[in-house]
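Trainee: Model the following, please.
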Amino acid sequence: MKRWYVVQVYAGYEEHAKAELARRIRESGLEEQFGDILIPSAKVKQLFDVADGTEDQNLFPGYVLIETQGTPEAFRLVTSTPRISRFLGGQQPVPLSPKEISRILGQMKGEVILTTERRTFEHGQELEINSGPFAGFVGIVDTVDDENEKLRVMVSIFGRMTPVELSFDQVKH
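Mentor: Numbers count the residues shown, from 1 in each chain. Predicted coordinates for the structure are as follows:
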């Protein structure tokens, strides 16, 4: 069964890596072990561009999605391809879940709208953590990094206040 995997490529060389991998798959005769090779991108409206108004923007620069059966032979072919660094997941690459891949494909088709709303957090604000290893914990905002959308939240673990770094989407007001 073919599953989707994420590979890291040299940033800016996604198209070159895709073309080279497709060529190597054909030459090695492993077409039955591979499916699609995708560079996740979406149409983005440009407010100040008079000519076209839309631009194809890479959703995950430096990454390519590969549909493969995940055999050692297939992994070797992919990792030995020029401009491809590695599979995400280390020695045993982990495939994307069906939910993750459907969300990415939905973004590419324009079905999922990426929110542009800015979330604001203040020092001393109480939050509930809704994902990650500390899901269900309540913490107090210590520092806010708006540029990287990160928070340092103080969480009580075994009676001690412990700093935990979280992204904005891991907490709810």
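
Trainee: can you list the domain ranges for the protein.
Mentor: By the assignment in automatic domain parsing, the chain contains the domains 3-109, 126-172.

Trainee: Endpoints of the shortest one, how far apart?
Mentor: The straight-line separation of the ends of domain 126-172 (Cα to Cα, to the nearest Å) is 9 Å.

Trainee: cool, the first one as well?
Mentor: End-to-end distance of domain 3-109 (Cα to Cα): 20 Å.

Trainee: hang on, the earlier thing: compare the mean pLDDT across the domains of the chain and name the weakest.
Mentor: Mean pLDDT per stretch puts domain 3-109 lowest among the domains of the chain, at a mean of 86.

Trainee: Name the nearest residue to residue 25, sequence neighbours excluded.
Mentor: residue 34 (5.2 Å; Cβ to Cβ, 6 or more residues apart in numbering). Any C-beta I mention is one placed from the backbone N, CA and C, and that applies to glycine too.

Trainee: which residues touch stretch 83-94?
Mentor: For stretch 83-94, contacts defined as Cβ atoms under 8 Å, 6 or more residues apart in numbering pick out 5-10, 13, 16-17, 20-21, 63-64, 70, 75, 78-79.

Trainee: ok, which stretches of this protein are strands?
Mentor: Shown for the chain, the strands assigned by DSSP state E span residues 3-9, 34-38, 41-45, 54-58, 63-68, 84-87, 126-129, 138-145, 150-157, 160-167, 171-172.

Trainee: who are the neighbours in contact with the residue nearest the centre of the chain?
Mentor: Geometric centre of the chain, nearest residue: residue 60, 6.1 Å, by Cα atoms, centre = their mean. Shown in contact with residue 60 (Cβ under 8 Å, 6+ apart): 6, 40.

Trainee: One more pass at 6 Å, please.
Mentor: residue 40 (Cβ atoms under 6 Å, 6 or more residues apart in numbering).

Trainee: Let me see the contact set for residue 74.
Mentor: Contacts of residue 74 by Cβ under 6 Å, 6+ apart are 33, 68.

Trainee: Please disregard the earlier target; I meant residue 170.
Mentor: Per Cβ under 6 Å, 6+ apart, neighbours of residue 170: 131-132.

Trainee: hmm, try it at 10 Å
Mentor: 127, 129-132, 134-135, 150-151, 153, 164 (Cβ atoms under 10 Å, 6 or more residues apart in numbering).

Trainee: Just the buried ones out of those, please.
Mentor: 127, 129, 134, 151, 153, 164 (16 or more other Cβ atoms under 10 Å).

Trainee: looking at the strands of the chain, which is buried most?
Mentor: strand 63-68 (a mean of 22; mean count of other Cβ atoms under 10 Å).
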